[in-house]
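Trainee: Sequence first, then the predicted structure, then my questions.
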Amino acid sequence: MPILAYHMVEPRFDLSVTRVKPPQFRRQIERALTAGYHFVTLGAYLASPSRDEKRVALTFDDGYDSVYDHAWPVLRALDIRATVFVVTHFMGKMDDWDVNFGNIRFRHMDVTRIQALHDAGWEIGSHTCSHFDLTRLSPQGRREELVLSKQELEAWLHAPVRYISYPFGNTNAAVIADCRAAGYQGGVVMGRSQVTLEASYALKRTGVYLFDFPWLFSQKLLAKYEKMFNLIQRGIDICSDGTVLVRQGIGKPIK
Ligand SMILES: [Zn+2]
């Protein structure tokens with residue numbers, strides 16, 4: 001049973017493949033519903049372990065405006081709620097944490113928009129404060145990113161924040177220990193297997209990207225060809241890791 005991970009649902013051109021176009025997003029969701037799948041938040045997905053193989057958790061990373069502008073209208077009309085992982089220090093700001101390949105910047109949702117989604121039944125999770133790779137931070141920097149982002153979101157939403165999406169999908173045993181200490185109940189990674197890590201803090205997701213044409217998308221829902229998807233996913237993760245090397249310097253803790 002898959003957990004899907006989207007990033008941007010964005011009509012503007014960008015060299016990044018971590019976006020889908022709005023009509024593409026609508027088609028994917030509608031086709032999945034027609035095929036009998038139904039979508040829930042990550043919390044709902046984990047709360048009721050079900051044998052229902054057509055239940056899919058729908059998640060969005062980074063909290064871009066395009067989720068509010070282009071994904072929410074589609075989902076609202078279909079009575080679907082999802083989980084969005086927010087980078088708290090970039091709310092209402094441009095995505096300066098990311099390397100700019102396409103000479104175009106994307107804005108993150110501000111507090112009002114996050115609150116509107118929460119009021120509509122969406123689940124809000126943490127994607128840290130600054131989108132640093134947690135595995136490259138000092139223990140103190142790592143804890144600050146985890147604790148502060150959770151506290152900020154809970155103060156804005158007046159609700160518990162239970163889940164973390166690790167920036168760049170990177171985590172390890174030390175990060176997970178700090179997540180647990182900070183009060184997170186679970187964490188999500190991207191589609192690489194990390195069998196040595198505690199399962200509920202390394203929940204595997206399947207990324208949906210620009211090149212996911214209908215056939216490929218349906219195969220992801222069916223969780224077929226898992227090895228091939230993991231390989232593609234790893235390639236995308238390596239590109240993301242390239243981003244972090246540029247931003248954070250190779251191998252040295254930055255906080
Ligand atoms: Zn991210």
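Mentor: The structure has been received and is ready for your questions.
Trainee: The protein: helices as residue ranges?
Mentor: 22-34, 42-47, 65-66, 72-77, 111-119, 139-157, 173-182, 214-221, 226-248 (DSSP state H).
Trainee: Reformat these as CSV; add mean neighbour count.
Mentor: Heads up, the C-betas are built off the backbone N, CA and C, glycines and all. Shown next, in CSV, are those (neighbours: other CB atoms under 10 Å):
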stretch, mean neighbour count
helix 22-34, 17
helix 42-47, 18
helix 65-66, 22
helix 72-77, 16
helix 111-119, 17
helix 139-157, 18
helix 173-182, 18
helix 214-221, 16
helix 226-248, 15
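Trainee: Neighbours of Ile3, how many?
Mentor: 18 (other CB atoms under 10 Å).
Trainee: shouldn't it be in contact with Leu42?
Mentor: Yes: checked against CB atoms under 8 Å, the pair Ile3 and Leu42 is within contact range at 6.6 Å.
Trainee: Quick check: neighbours shared by these two?
Mentor: Common neighbours of Ile3 and Leu42, counting by CB atoms under 8 Å, 6 or more residues apart in numbering, are 57, 59, 188, 203.
Trainee: Hmm, the last one is touching Ile3, no?
Mentor: Yes: the pair Leu203 and Ile3 passes the contact test of CB under 8 Å, sitting 6.2 Å apart.
Trainee: hang on, the earlier thing: pull out the buried members of the shared contacts of Ile3 and Leu42.
Mentor: 57, 59, 188, 203 (16 or more other CB atoms under 10 Å).
Trainee: beta partners of the last one?
Mentor: Just to be clear, that refers to Leu203. For Leu203, the beta-bridge assignment (DSSP bridges) gives partners Val188.
Trainee: so what's it up against?
Mentor: For Leu203, the contact set (CB under 8 Å, 6+ apart) comprises 3, 42, 46, 186-189.
Trainee: Give me the local confidence score for it.
Mentor: With respect to pLDDT, Leu203 scores 92.
Trainee: With just CA atoms, put stretch 157-170 into PDB.
Mentor: The C-alpha coordinates for stretch 157-170 follow below in PDB (Å, rounded to 0.1, in the frame of the first residue of the first chain):
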ATOM      1  CA  LEU A 157      -2.400  25.500  14.500                       C
ATOM      2  CA  HIS A 158      -3.400  24.700  18.100                       C
ATOM      3  CA  ALA A 159      -3.000  21.100  17.200                       C
ATOM      4  CA  PRO A 160      -0.300  18.400  17.600                       C
ATOM      5  CA  VAL A 161       2.200  17.900  14.800                       C
ATOM      6  CA  ARG A 162       2.900  14.200  14.700                       C
ATOM      7  CA  TYR A 163       5.000  13.500  11.600                       C
ATOM      8  CA  ILE A 164       8.200  14.700  10.100                       C
ATOM      9  CA  SER A 165       9.400  14.500   6.500                       C
ATOM     10  CA  TYR A 166      13.200  14.500   6.400                       C
ATOM     11  CA  PRO A 167      14.600  17.100   4.000                       C
ATOM     12  CA  PHE A 168      16.100  15.300   1.000                       C
ATOM     13  CA  GLY A 169      14.700  12.100   2.500                       C
ATOM     14  CA  ASN A 170      17.900  11.700   4.600                       C
END
